[in-house]
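[1] I would like the atomic coordinates for the input below:
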Amino acid sequence: MFPPFLIHHAKCSEKFSYIAEKGIKEKLLNESARERVIRMYTIDEFGFSPELQCVITTAKYTIATAAFFGGISSMIKAKDDFFRKNMASAYESKHLARRSLSDAMSLAGIQGALKSAFKYGTFSSFYLLATMTGANYRNKISVWEHVASGAVLGGLARCNYGFKGVLVAGTLGGFLGFIAGGIITLTFKIEGVTMDDLRCWQHEDHYTRLNKDKTDQQV
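    Numbers count the residues shown, from 1 in each chain. Predicted coordinates for the structure are as follows:
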């Protein structure tokens, strides 16, 4: 779900001139629950829907951040392991020792980056996709989408640990989802932002950006 401070404090009935002019805003406000979900997963002439584009953009940033920190952490660990394992080893030269250390750290960094990127990128993408789908269907911003998503994803992440592992991980995931959802929901309520406001902002930002890119390409 988008952070509330990105909505620019704009109300669906007051701003969003582009989607209002194109008739998109009126359609959004009159959609049924089923229509909202179907539209979310529909690819039109503009490409992915604003909701899916939000998930993709978030996944990109999450993957990049996770890869960076995962790679750095793995390189530091590989360096410590290298010195510990090779403390009594004798190398023919300092250059060869440095080369072996560099190779070990580089390999560990790549492996750590890929592992972290896949792990956290996948989790954040499915989490955001699930919460956004639930919120769109219910047309309501609440904590329960986050609880359900956290519990299901937590349980799936530990499905190879048996029923007890799934239960513990699901409970922990639901609790963390409750905290995250509670913070987001509370902030939205304080800001006075509804699901309609969020949806209109997503579409206004999405289509005005596409229109700007199209105009820049024609110049």
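[2] what score does residue 218 have for pLDDT?
    In this prediction, residue 218 carries a pLDDT score of 60.
[3] contacting residues for residue 174?
    Contacts for residue 174 were tallied using CB atoms under 8 Å, 6 or more residues apart in numbering; they are 147-148, 150-151, 154. All C-beta atoms are positioned from the backbone trio N, CA, C, and that covers glycine.
[4] for those, which one is nearest residue 96?
    Closest to residue 96 out of those is residue 154 (46.1 Å), distances taken as CB to CB.
[5] isn't the closest one right next to residue 172, touching?
    Yes: between residue 154 and residue 172 there is a contact under CB atoms under 8 Å: 5.8 Å.
[6] tell me which of these two has more neighbours.
    Under the criterion of other CB atoms under 10 Å, the comparison of residue 154 against residue 172 puts residue 154 first, with 23 against 15.
[7] for that one, grab phi and psi.
    Phi and psi for residue 154, reported as degrees, to the nearest 10, are phi -60, psi -40.
[8] before we move on, which element is the nearest residue to residue 48 once chain neighbours are set aside in?
    Ranked by CB to CB, 6 or more residues apart in numbering and with sequence neighbours excluded, the top spatial neighbour of residue 48 is residue 56, at 6.6 Å. Assigned by DSSP states H and E, residue 56 belongs to helix 50-85.
[9] mind giving me the packing neighbours of the helix or strand that that helix is followed by?
    Where DSSP H and E defines the elements, the next helix or strand beyond helix 50-85 is helix 94-138. For helix 94-138, the packing partners by 3 or more CB pairs under 8 Å, 6 or more residues apart in numbering; DSSP states H and E come out as helix 33-40, helix 50-85, helix 144-157, helix 195-218.
[10] name the helices or strands packed onto the longest one?
    With contacts taken as 3+ CB pairs under 8 Å, 6+ apart, helix 50-85 sits against helix 94-138, helix 195-218.
[11] that helix: which residues count as buried?
    Buried residues in helix 50-85, counting neighbours by 16 or more other CB atoms under 10 Å, are found at 50-55, 58-59, 62-63, 66-67, 70-71, 74-75, 78, 82.
[12] what's the closest of the contacts of residue 174 to residue 95?
    residue 154 (47.9 Å).
[13] the helices and strands packed on helix 50-85: which one's closest to residue 28?
    Per CB to CB, nearest to residue 28 of the helices and strands packed on helix 50-85: helix 195-218, 5.7 Å.
[14] report the inter-axis angle for that closest one versus helix 33-40.
    30 degrees (axes from the mean of the first three to the mean of the last three CA atoms, to 10 degrees).
[15] appreciated, that's everything.
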